[in-house]
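Asker: A structural model of the following input is requested.
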Amino acid sequence: MMNVKSKINEEQGFLYVVDNLELMSAVGRRRLMEQQWLSSAGEVEEELRRVADAMAVLRDGQYASSVALIRHKLMELHDIVGTLRNLRGGVTLTEVELFEVKHFALLYGDSVRAAADIDCLRFDCRLDGVVALLDPDCTGMANFYIYDSYDARLAPLRRRLKELQMHHEPDPEAMTAVADLFARQDAIQQEVMERLSRQLKPYVDSLGQALEQMAYADVLLAKAGQAIAWGLCRPQVVPSSEPSSMSGLFNPRLRHHNEALQLRYQPVDVAVGSGVCLITGANMAGKTVLLKTVGIAQMMLQFGMYVPAAQACMSLVDDVAFCIGDEQNEMKGLSSFASEIIKISSTLQRARRERLMVLVDEPARTTNPVEGKAIVHAIGLILDRLPSVTLITTHYSQLGLGCRRLRVKGFVEDMVGGELTPQNINRFMDYSLVADDSDEVPHEALRIAAILGCDEEMIAQALGFVG
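Answerer: Numbering: from 1, shown residues only. Reported below is the predicted structural model:
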């Protein structure tokens with residue numbers, strides 16, 4: 001089964017999304033990493049409903065103090081799965097482990113009371129029996145101690161120990177007595193810990209459920225907080241027979257980067273359905289970013305998150321397959337072409353069995369143009385007859401594919417005011433997608449090179465060659 005942990009390294013933009021979830025606890029982080037890929041519309045809609053409910057709570061000032069208290073308790077939360085594993089297996093817990101269980105039971109109780117009026121945070125486990133066992137003197141304190149009340153032999157033994165230890169010049173007989181008393185105390189305390197471990201074992205399932213409820217609350221509040229802070233939208237899930245459409249789609253990582261540098265960021269509108277859609281456009285037109293952003297949005301949807309768009313209607317897929325270069329494989333000694341073609345081949349085989357979102361960035365761009373065009377043509381023909389959703393960017397013209405084509409508008413020379421430089425050229429790019437019925441790709445590279453003031457002889461020679 002796919003989970004967040006298995007997907008975060010496939011695209012840095014998705015890792016950015018995950019790393020910027022404001023989780024309060026290591027337990028919440030573990031729960032997030034274990035979040036399974038949601039494959040049914042019912043699962044996705046249910047998770048999105050819970051996120052929406054949590055967003056309403058975060059926006060409502062009357063819950064502010066309760067949410068702050070719950071988050072504070074989450075910050076104190078320790079992951080006690082190892083302790084619970086020992087308890088389930090019949091292992092006698094140590095004093096440290098008994099402390100962990102007591103601390104968690106008290107913390108959970110505080111969270112239950114804080115969330116009493118917050119329906120989206122479901123804390124319904126009863127741990128009163130755990131607290132009664134580990135806090136027999138009703139101190140309400142999170143520390144743990146083998147209290148005198150656990151065994152009638154402890155109080156007189158400890159009094160005698162204290163008396164003997166108060167002697168300023170203990171004689172050998174007294175020292176022997178102290179050692180004997182300590183040994184007896186240790187034996188009694190061991191008996192107490194064994195008894196407590198047996199008495200706690202029936203609560204192990206409730207403790208485990210309570211821990212997961214706290215972890216889920218952490219994740220849910222983080223998802224809701226991010227959706228509010230980033231202006232994400234609740235996507236509508238549509239059948240696979242309908243195209244996915246997103247308006248105002250944006251890449252969170254790039255948008256935040258541009259905002260930090262006070263650069264313009266342009267969201268885009270895109271619709272994709274089963275089969276192949278070719279995307280063309282000049283260099284620097286944002287085609288690769290578009291592929292990554294569509295993939296990030298799909299992953300966010302299927303991990304039960306709001307998506308980076310103004311509006312979105314999206315169908316579900318079995319997985320997102322990125323074919324956008326692989327620096328790791330190149331470092332292992334594979335050429336860029338070898339790395340790319342192996343990944344594409346594997347993706348094609350999967351697409352025959354599963355409904356994927358396939359994102360291929362300029363395939364075969366590193367080989368000779370004749371074979372490159374043939375490879376792109378073959379990839380397009382195969383994927384266009386499969387139910388997968390495929391976006392392919394390319395610079396190749398006359399591919400002879402009858403699939404849908406979109407073009408990024410690209411550089412708009414009329415927008416230029418003043419000197420054009422590599423640092424400001426993005427201000428004059430229009431990243432909008434338009435339908436393109438031709439089998440040609442834009443030829444803007446030499447025009448942009450000239451505008452940027454590149455070597456005149458090089459440009460003249462190149463223009464003469466292309467006619």
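
Asker: State the helix or strand in which Val376 lies.
Answerer: Val376 is part of helix 369-384 when elements are defined by DSSP states H and E.

Asker: What is that helix packed up against?
Answerer: strand 275-280, helix 336-351, strand 389-393 (3 or more CB pairs under 8 Å, 6 or more residues apart in numbering; DSSP states H and E). Heads up, the C-betas are built off the backbone N, CA and C, glycines and all.

Asker: Tally up the residues packed near the spatially closest residue to Ile146 that is not a sequence neighbour, please.
Answerer: Leaving aside its sequence neighbours, Ile146 sits nearest to Gln189 (CB to CB, 6 or more residues apart in numbering; 4.6 Å). For Gln189, the number of neighbouring residues by other CB atoms under 10 Å comes to 16.

Asker: Which helix or strand contains Gln189?
Answerer: Under the criterion of DSSP H and E, Gln189 resides in helix 172-200.

Asker: List the buried residues in that helix.
Answerer: 178, 181, 185, 188-189, 192-193, 196-197, 200 (16 or more other CB atoms under 10 Å).

Asker: Need the pLDDT of the residue nearest to Ile146.
Answerer: Looking at Gln189, its pLDDT reads 93.

Asker: Report the lowest-confidence entry in the buried residues of helix 172-200.
Answerer: Among the buried residues of helix 172-200, pLDDT bottoms out at Val178, giving 83.

Asker: Now for Pro369: which residues touch it?
Answerer: Pro369 makes contacts with Tyr396, as judged by CB atoms under 8 Å, 6 or more residues apart in numbering.

Asker: Please report how far it lies from Ile375.
Answerer: Counting by CB to CB, to the nearest Å, the gap between Pro369 and Ile375 amounts to 11 Å.

Asker: do the same with Thr347
Answerer: Thr347 sits 13 Å away from Ile375, going by CB to CB.

Asker: same thing with Ala310?
Answerer: For Ala310, the distance to Ile375 equals 37 Å [CB to CB].

Asker: More neighbours: these two, which one.
Answerer: Ile375 (18 against 14).

Asker: Break this protein down into its domains, please.
Answerer: For the chain, the structural domains run 4-221, 231-466, going by automatic domain parsing.

Asker: Tell me where this structure has strands.
Answerer: Counting by DSSP state E, the chain has strands at residues 236-237, 244-249, 268-272, 275-280, 311-314, 319-323, 356-361, 389-393, 404-411, 429-435.

Asker: and these as a markdown table, adding distance to Met141?
Answerer: As requested, the strands of the chain are exported to a markdown table (distance: least, CB to CB, whole Å):
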| stretch | distance to Met141 |
| --- | --- |
| strand 236-237 | 48 |
| strand 244-249 | 52 |
| strand 268-272 | 57 |
| strand 275-280 | 62 |
| strand 311-314 | 49 |
| strand 319-323 | 49 |
| strand 356-361 | 53 |
| strand 389-393 | 57 |
| strand 404-411 | 63 |
| strand 429-435 | 59 |
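
Asker: For Gln35, which of the ones you listed is the nearest?
Answerer: In terms of CB to CB, the element of these nearest to Gln35 is strand 319-323, at 14.8 Å.

Asker: what's in contact with the closest one?
Answerer: The contact list for strand 319-323 (CB under 8 Å, 6+ apart) reads 2, 7, 10-11, 37, 291-292, 295, 298-299, 340, 343-344, 347, 350-351, 354, 356-361, 363.

Asker: in the stretch 151-300 of the chain, which ranges drop under the pLDDT threshold?
Answerer: Scanning the stretch 151-300 of the chain with the threshold set as pLDDT under 70 gives 167-170, 283-285.

Asker: start to end distance for stretch 304-313?
Answerer: Stretch 304-313 has an end-to-end distance of 14 Å (criterion: CA to CA, to the nearest Å).

Asker: What average pLDDT does that stretch get?
Answerer: The average pLDDT within stretch 304-313 is 98.

Asker: Tell me which residues are up against that stretch.
Answerer: Residues outside stretch 304-313 that contact it (CB under 8 Å, 6+ apart): 17, 35, 38, 43-44, 47-48, 50-51, 223, 226-227, 230, 232-238, 242, 244-252, 255, 267, 293, 296-297, 300-301, 314.

Asker: Just the buried ones from those residues?
Answerer: Counted by 16+ other CB under 10 Å, the contacts of stretch 304-313 give 17, 35, 38, 43-44, 47-48, 50-51, 223, 226-227, 232-235, 237-238, 244-246, 249-252, 255, 267, 293, 296-297, 300-301, 314 as buried.

Asker: Out of these, which sit inside helices?
Answerer: Mapping the buried ones among the contacts of stretch 304-313 onto helices (DSSP state H) picks out 17, 43-44, 47-48, 50-51, 223, 226-227, 252, 255, 293, 296-297, 300-301.

Asker: circling back to that earlier point, which secondary structure elements does the helix holding Gln189 contact?
Answerer: helix 95-114, helix 128-134, helix 154-165.

Asker: What are the buried residues along the first one?
Answerer: Yep, that's helix 95-114 we're talking about. Buried, per 16+ other CB under 10 Å, within helix 95-114: 97-109, 111-112, 114.

Asker: What of stretch 262-272?
Answerer: Under 16+ other CB under 10 Å, the buried positions of stretch 262-272 are 267-268, 270, 272.

Asker: Need the distance between the two termini of that stretch.
Answerer: 31 Å.

Asker: which residues sit against it?
Answerer: 243-250, 254-255, 257-259, 286, 290, 294, 309-310, 389, 391, 406, 426-427, 429-433.

Asker: How far away from the center of its chain is that stretch?
Answerer: 22 Å (CA atoms, centre = their mean, to the nearest Å).

Asker: now swap in stretch 378-389 and tell me
Answerer: Centroid displacement of stretch 378-389 relative to its chain, using CA atoms, centre = their mean, is 29 Å.

Asker: Need the contact partners of it.
Answerer: Stretch 378-389 has contacts (CB under 8 Å, 6+ apart) with 240, 244, 272-276, 278, 315, 317, 344, 348, 351-352, 354-358, 360, 363, 390, 392, 399, 401-403.

Asker: PyMOL command to pick out the buried ones of those?
Answerer: To isolate the buried members of the contacts of stretch 378-389 in PyMOL, using 16+ other CB under 10 Å:
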select buried, resi 244+272+273+274+275+276+278+315+317+344+348+351+355+356+357+358+360+363+390+392+399+401
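
Asker: Quick check: Glu457 vs Phe465, distance?
Answerer: Distance of Glu457 to Phe465, computed by CB to CB: 13 Å.
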